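Student: Here you go, sequence then predicted model.
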Amino acid sequence: MVMHSLCPCALMFLFGMLTLKNVRRHRLVMPVITEANRAAQRTDAQILCMLTAQVFVTILFTLLTVHNDLYASFTRNWVRNTYEVAQLNLLGRVTGTIPYFAHSSTFYLYTLTDTIFRRELVKIFRRWLHQSQNIFITTQNTEAH
């Protein structure tokens, strides 16, 4: 259970912190500019917030699976009727798929926790919308001729 839930989260947090430390170390090479330092501190705080949110969500979603696995292990020798077995199987299937949401929810977490990520996402949507409007106008012009 430790290998399934805590090790991935601990490694994610460890490598995230090491990445943040590496980014900070490379910034020390740059000349000291106060506005750039404030922007770098804001970026560091946002990265740390994103990392913390991702680790928290991953722990939360994997703990459900761990709890179900522990319950199934401790009650393995209990006599159950078919209804209880079906309930446990359903619970096992549901809690078995929940950890996948932790990793697929990264996009939504980043969108909620990071203003830079949101700004870039809006830029991408605007660019895509502008291109799709141009394609629509071009298509209408070629059909009219």
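Tutor: The structure has been received and is ready for your questions. None of these values were measured; they are calculated from a predicted model.

Student: Centre-most residue in the protein?
Tutor: Among the residues of the chain, the one closest to the centroid is residue 106, at 1.9 Å (Cα atoms, centre = their mean).

Student: Let me see the confidence value for that one.
Tutor: Listed pLDDT for residue 106 reads 78.

Student: now swap in residue 59 and tell me
Tutor: pLDDT, read off for residue 59, is 80.

Student: Is residue 80 part of a helix or strand, or is it coil?
Tutor: Classification of residue 80 by DSSP: H, G, I helix; E, B strand; the rest coil places it in coil.

Student: Near it, how many other residues are there?
Tutor: 11 (other Cβ atoms under 10 Å). The C-beta positions use only the backbone N, C-alpha and C, and glycine is treated the same way.

Student: lowest confidence element among the helices and strands of this structure?
Tutor: helix 115-144 (a mean of 73; mean pLDDT, DSSP states H and E).

Student: before we move on, back to that, excluding chain neighbours, what is closest to the residue nearest to the centre of the chain?
Tutor: Spatial nearest neighbour of residue 106, excluding adjacent residues (Cβ to Cβ, 6 or more residues apart in numbering): residue 54 at 6.2 Å.

Student: on contacts alone, who are the packing partners of the helix or strand where the one you found lies?
Tutor: Per DSSP states H and E, residue 54 falls inside helix 34-74. Here helix 34-74 touches helix 7-27, helix 82-104, helix 106-113, helix 115-144, going by 3 or more Cβ pairs under 8 Å, 6 or more residues apart in numbering; DSSP states H and E.

Student: The nearest residue to residue 47 once chain neighbours are set aside: what's it in contact with?
Tutor: Residue nearest to residue 47 in three dimensions, not counting chain neighbours: residue 20, with 5.8 Å by Cβ to Cβ, 6+ apart. Contact analysis of residue 20 by Cβ atoms under 8 Å, 6 or more residues apart in numbering lists 44, 47-48, 51.
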